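Novice: Predicted coordinates and the sequence they were generated for:
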Amino acid sequence: MPERAQEKAPPEACVLCRPGKGRRMENGKPDKHLSNFRKNSIGYKTGKLENGESVVFFPGQNASFAVSGEDIEPFDPAATGKPKKGEERDLYICNVCFALKPKDEFDINQKDASGRGTRRPSCQKCRSHLDLKNIPDREKKKWRKKEPRKGALFHCPVCHKHSIVGVNARIVLDHDHHRGKIRGWLCDSCNTGLGRFKNGENLLRNAVDYLETKD
Ligand SMILES: [Zn+2]
Ligand SMILES: [Zn+2]
C-alpha cells in the first residue's frame, strides 16, 4: 500500500463552481462557446489565462475549463467526505460526477457495527447510469440448482482455495452487473475483490500492470 496518496493538486486549489459552466480547454486554448456541466461541480485550479479567467480541472468531466472568477469560489474538500463517528455530513462530493450534493441524494448503503448507516459514494443520478441490470429469474433458478451444498468441499476458480461451503467460507453467485449475466459460484472474498474493481476487466489489468511495475 502506498504510504501517502500522490498529490496532484493541493487542497487550497479546490473550488466550487455553482453554475457549472465554462469554456472547454482544447490544446491549451479555451473554446469560443460556453459549455454547461453539472451544477455545483468541484474542481481544481491549475492556471490562469491572460483575460483573468481561471483554468479549472473538473474530475467529474475529466476535462479542464476556462471559468470566470465570479463563477467559482474557494472550497475546502476536507469539510465533506467520511464523517467522524457520531457525525453526519449535510453535503457530499459524488465520486463519479464530483458534484457537491445534499446527503439525501446519496443512498444509505449498509449499517455499520453501531447501527449507523453509511452512504454510498456515488449520487443517485450517477448510480442510475451505472445501473445494474437485473438477472432474469429463470437464469437465477438455473444457477440456484447448482448451488454448492452446505458442508460440501468447494474449489474457488479465482483464488484456487478449497473451502467447506457455509462452514469456513461463504460461497456466492458472481454476476456481471453491466450485462445482467451470471458467471458462476465464487468464494465471497474473490467476489468482493472483483466488485472492488467494478467488475471491469480494464481495471483488473491496470492493477496487474501496476503491481508488475512495482516488482
Ligand atoms: Zn454523481
Ligand atoms: Zn476465491
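Specialist: Everything's here; your move. Ligands and ions are numbered 1, 2, ... in the order given.

Novice: Could you pull up the contacting residues of Ala169?
Specialist: Taking Cβ atoms under 8 Å, 6 or more residues apart in numbering as the criterion, Ala169 is in contact with Phe154, Cys156, Lys161, Ser163, Cys187, Asp188, Ser189. Quick note: C-beta positions are derived from backbone N, CA and C, even for glycine.

Novice: ok, how many other residues are close to the second one?
Specialist: Neighbourhood size, Cys156 [other Cβ atoms under 10 Å]: 18.

Novice: The fourth one too?
Specialist: Using other Cβ under 10 Å, Ser163 is surrounded by 20 other residues.

Novice: Can you check my assumption that Asp104 lies in a helix?
Specialist: Yes. Under DSSP: H, G, I helix; E, B strand; the rest coil, Asp104 falls within a helix.

Novice: Any figure for the gap between it and Asp90?
Specialist: Separation of Asp104 from Asp90 (Cβ to Cβ, to the nearest Å): 9 Å.

Novice: Remind me which helix or strand the residue nearest the centre of the chain belongs to.
Specialist: Nearest to the geometric centre of the chain sits Asn95, at 5.0 Å (Cα atoms, centre = their mean). Following DSSP states H and E, one finds Asn95 outside all helices and strands.

Novice: Give me the pLDDT for it.
Specialist: For Asn95, the pLDDT comes out at 89.

Novice: how much space is there between it and Trp143?
Specialist: In this view, Asn95 and Trp143 are 31 Å apart by Cβ to Cβ.

Novice: Tell me which residues of stretch 72-90 come out buried.
Specialist: Buried residues in stretch 72-90, counted by 16 or more other Cβ atoms under 10 Å: Ile72, Phe75, Thr80.

Novice: Which strand or helix spans the nearest residue to the second one once chain neighbours are set aside?
Specialist: Okay, so that is Phe75. Leaving aside its sequence neighbours, Phe75 sits nearest to Leu16 (Cβ to Cβ, 6 or more residues apart in numbering; 4.0 Å). Counting by DSSP H and E, the element that carries Leu16 is strand 14-17.

Novice: Give me the buried entries from the contacts of Ala169.
Specialist: Neighbour counting by 16+ other Cβ under 10 Å classes Phe154, Cys156, Ser163, Cys187 among the contacts of Ala169 as buried.

Novice: which of those lies closest to His175?
Specialist: Cys187 (14.9 Å; Cβ to Cβ).

Novice: who's the closest one bridged to?
Specialist: Counting by DSSP bridges, Cys187 is bridged to Ile171.

Novice: what does Ile164 give?
Specialist: On the basis of DSSP bridges, Ile164 is bridged to Leu153.

Novice: need the contact list for it.
Specialist: The neighbours of Ile164, taking Cβ under 8 Å, 6+ apart as the test, are Gly151, Ala152, Leu153, Phe154.
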